[in-house]
Each structure stands twice: as structure tokens, then as C-alpha cells.
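> What follows is a predicted structure for the sequence shown.
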Amino acid sequence: MRCKLRASLLKRLRSQIEKNFIVGVEVDWADRWQVYKRLQELDIPCSCETNQPLRVEINTPLAMVQVWSVIQQLTASRQDLIWSLECCCKTRYRNF
């Protein structure tokens, strides 16, 4: 059920992205640099200034999902991460 809800949410968000937009990402100050570095590795434009929120430019649906994923890795509980992995595996192997 949660997989279907997540998929429908991503479809709606993808249809709403028509141009680049910049968002301020609220992430714990201790994790901010780690998120910034990972987004840089993914070639997602972002900036991390002193005493300012992390700013991220989202210009594709893929970038949106990648930003969400990077933040989830740091903020989600262990059980939620396990659930997400199981959900992805079930969805992937159901299609074969």
C-alpha cells in the first residue's frame, strides 16, 4: 500500500516540475555537509553557506528523487529504510 502511495506521489510531483526551481532543504546542521557532498557527487547543483539552509536546484524528476533519497538515508529510521528496500525488491521482482 505504501509503495503505491509513494509511486502516485512521485508521478504527481514529476508532472508538476516544468522548470528549474531552488528549494531550501531543512536538514540537521551536523548532516548538512554530508548531504551537500553527496548531492555534488550526483551533479545536483546546490550551495551550502554558513548559517544558511542547504539550497538545492531541482531541474528534473530524477534530481527530485535523488535529493529525497539522500535525505532519507540520513533521517529515516532503520526500520523505514529496511521497509523501503523490501518494497523496492518486491516491486522489481514482481515485474519479472
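Here it is on my side, so go on.
> From here on, just use CA atoms for contacts and neighbour counts.
Fine.
> can you count the residues close to the closest residue to Met64 other than its chain neighbours?
Of all residues beyond its chain neighbours, the one nearest Met64 is Ile58 (5.9 Å), with distances taken as C-alpha to C-alpha, 6 or more residues apart in numbering. Using other C-alpha atoms under 10 Å, the number of residues around Ile58 comes to 21.
> going forward, begin numbering at 46 instead of 1
Yep, numbering from 46; the last one is Ile103 now.
> Which element, helix or strand, includes Glu102?
Using DSSP states H and E, Glu102 sits in strand 99-103.
> Which pLDDT value goes with Leu84?
On pLDDT, Leu84 comes in at 93.
> which strands and helices sit next to the helix or strand hosting it?
Element membership for Leu84 (DSSP H and E) is helix 74-86. Judged by 3 or more C-alpha pairs under 8 Å, 6 or more residues apart in numbering; DSSP states H and E, helix 74-86 is in contact with strand 91-92, helix 106-120.
> how far away is Val70 from Glu131?
27 Å (C-alpha to C-alpha, to the nearest Å).
> Chain neighbours aside, what residue packs nearest to Arg77?
Nearest non-adjacent residue to Arg77 (C-alpha to C-alpha, 6+ apart): Leu99, at 6.9 Å.
> In CSV, list the helices and strands packed on helix 74-86 along with mean neighbour count.
As requested, those are arranged in CSV below (neighbours: other C-alpha atoms under 10 Å):
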stretch, mean neighbour count
strand 91-92, 18
helix 106-120, 16
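> Doesn't Val72 belong to a helix?
No - checked against DSSP: H, G, I helix; E, B strand; the rest coil, Val72 lies outside a helix; its state is coil.
> quick one on the thing from earlier: neighbour-wise, which of Val70 and Glu131 wins?
Between Val70 and Glu131, Val70 has the larger neighbour count (other C-alpha under 10 Å), namely 16 against 12.
> Beta-bridge partners for that one, please?
Leu99 (DSSP bridges).
> the inter-axis angle of the helix holding Leu84 versus strand 99-103?
Orientation check (axes from the mean of the first three to the mean of the last three C-alpha atoms, to 10 degrees): helix 74-86 against strand 99-103 gives 30 degrees.
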